[in-house]
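**Q** build me a model:
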Amino acid sequence: MTEKNKTKGPQKKGDEYNEIQERLAAAIQAVLDQQLATQDPPEALETYERLQEEGFSEKEAMGLLGHVVSREVAELVSGTGVLNLARYIDSLSKLPLPFTEPKGLQPTEEDLPL
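**A** So this is what the prediction gives:
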């Protein structure tokens with residue numbers, strides 16, 4: 001194996017991985033944009049608004065919703081291939097858990113040791 005091949009292989013794999021990640025992120029964003037625009041399911045918009053009222057930024061709220069969509073896509077792919085809407089709505093109702101603590105329970109600077 002030449003020196004050139006040693007460095008090209010991993011880089012190419014990294015590029016492919018990054019491209020897949022970008023495409024997945026765009027697809028998840030498109031799903032969320034559609035759900036929020038059409039309010040279908042209405043719980044998606046309700047959760048998005050609730051998270052912002054709880055102190056999460058728009059970006060943080062979208063990220064949390066994206067985690068739930070990602071998990072459902074993984075379940076779809078590995079499972080029956082059918083969306084479990086009840087599980088999805090239940091997951092939305094539990095946000096921000098299990099991905100982060102609610103804003104009121106997150107430590108503040110005053111809570112952190114010196």
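**Q** for the rest of this, base every contact and every neighbour count on C-alpha atoms.
**A** Noted.
**Q** lowest-pLDDT helix or strand in this protein?
**A** Within the chain, no helix or strand scores below helix 3-38, which has a mean of 81 by mean pLDDT, DSSP states H and E.
**Q** C-terminal to that helix, what's the next element?
**A** Next helix or strand after helix 3-38 toward the C-terminus (DSSP states H and E): helix 42-53.
**Q** helices and strands around the following helix or strand past that next one, which ones?
**A** The helix or strand immediately downstream of helix 42-53 is helix 58-78, counting by DSSP H and E. If you count contacts as 3 or more Cα pairs under 8 Å, 6 or more residues apart in numbering; DSSP states H and E, helix 58-78 packs onto helix 3-38, helix 42-53, helix 85-94.
**Q** hmm, try it at 7 Å
**A** In terms of contacts (3 or more Cα pairs under 7 Å, 6 or more residues apart in numbering; DSSP states H and E), helix 58-78 is packed against helix 42-53, helix 85-94.
**Q** quick check: angle from the first one to helix 85-94?
**A** Spelled out, that is helix 42-53. Orientation of helix 42-53 against helix 85-94 (axes from the mean of the first three to the mean of the last three Cα atoms, to 10 degrees) gives an angle of 10 degrees.
**Q** residue contacts, L36?
**A** By Cα atoms under 7 Å, 6 or more residues apart in numbering, the contact set of L36 is 44-45.
**Q** what about it, distance to E43?
**A** The gap separating L36 from E43 is 9 Å, by Cα to Cα, to the nearest Å.
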